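# 3D model of this:
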Amino acid sequence: MSGKIPNLWPDELIVNTDITPKSIMCRQAQVLNERTRGRVQGEVSTRVLGRDFTHTFYLVTPGLDNYRHFLLRVRHSIEQTYPLKVFLLESDDTGKELATEELFYQVLGRVLQDSKTMHIIRSLAAQSE
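Residues are numbered from 1 along each chain as shown. Below you'll find the model as predicted:
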C-alpha cells in the first residue's frame, strides 16, 4: 500500500462533554479554595482500579504541613459514570449506590454542608494561620 494513510476513525469521534462526577468534585474543591482563601483546599485524587475510576476528595491544609483529611470517595466504571458508589468512610468498602447525577448532587451537598464537615474546615483554617 502506498500513498497517504487514511483516517479510519468515525466523524462522530468527539470527546463527551457530559458533566462527570470528577468534574463536579473538582468544582467543589475550587469553591472551597476560593472561600477559605487557600487556607483549606479541596483536592480530588483519581486512581484506576481494574475497570473502575475512583475519585477521592480530601481537605488539605497547606499551613499545617499539607495535612490531608479524607472527606469522601466515589467509584464508577470506565464505561459509564452512573450508577456510581459513594463511600463516606475511608475504610468503607460497600458504599451507597446512586443511580443519577441528581442523586449525586444531593448526597455530595449533604456531605459538604454537614456540621461535622464545617467544624473540621473551620478548625483547620483557624489552625493554619
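
# so which helix or strand takes in the spatially most central residue of the chain?
For the chain, the residue nearest the mean C-alpha position is Met25 (3.7 Å; C-alpha atoms, centre = their mean). Met25 belongs to helix 21-35 when assigned by DSSP states H and E.

# on contacts alone, who are the packing partners of that helix?
Contact here means 3 or more C-beta pairs under 8 Å, 6 or more residues apart in numbering; DSSP states H and E; on that basis helix 21-35 packs against strand 41-49, strand 52-61, strand 67-77, helix 101-113. Bear in mind the C-beta positions are built from the backbone N, C-alpha and C, glycine included.

# quick check: angle from the first one to strand 52-61?
Looking back up the chat, that one is strand 41-49. 160 degrees (axes from the mean of the first three to the mean of the last three C-alpha atoms, to 10 degrees).

# point out where this protein drops to low pLDDT.
Scanning the chain for pLDDT under 70 picks out 1-2, 15-17.

# follow-up on the earlier one: the residue nearest to the centre of the chain contacts Phe57, correct?
Yes - if you go by C-beta atoms under 8 Å, Met25 and Phe57 touch, sitting 5.3 Å apart.

# overlap in contacts, the two.
Gly42, Val44, Val74 (C-beta atoms under 8 Å, 6 or more residues apart in numbering).

# which one of those residues sits in the busiest neighbourhood?
Val74 (26 neighbours; other C-beta atoms under 10 Å).

# shouldn't His55 be in contact with Val74?
Yes - counting by C-beta under 8 Å, His55 does reach Val74; the two are 4.8 Å apart.

# common neighbours of these two, please.
In contact with both His55 and Val74: Pro21, Lys22, Met25, using C-beta under 8 Å, 6+ apart.
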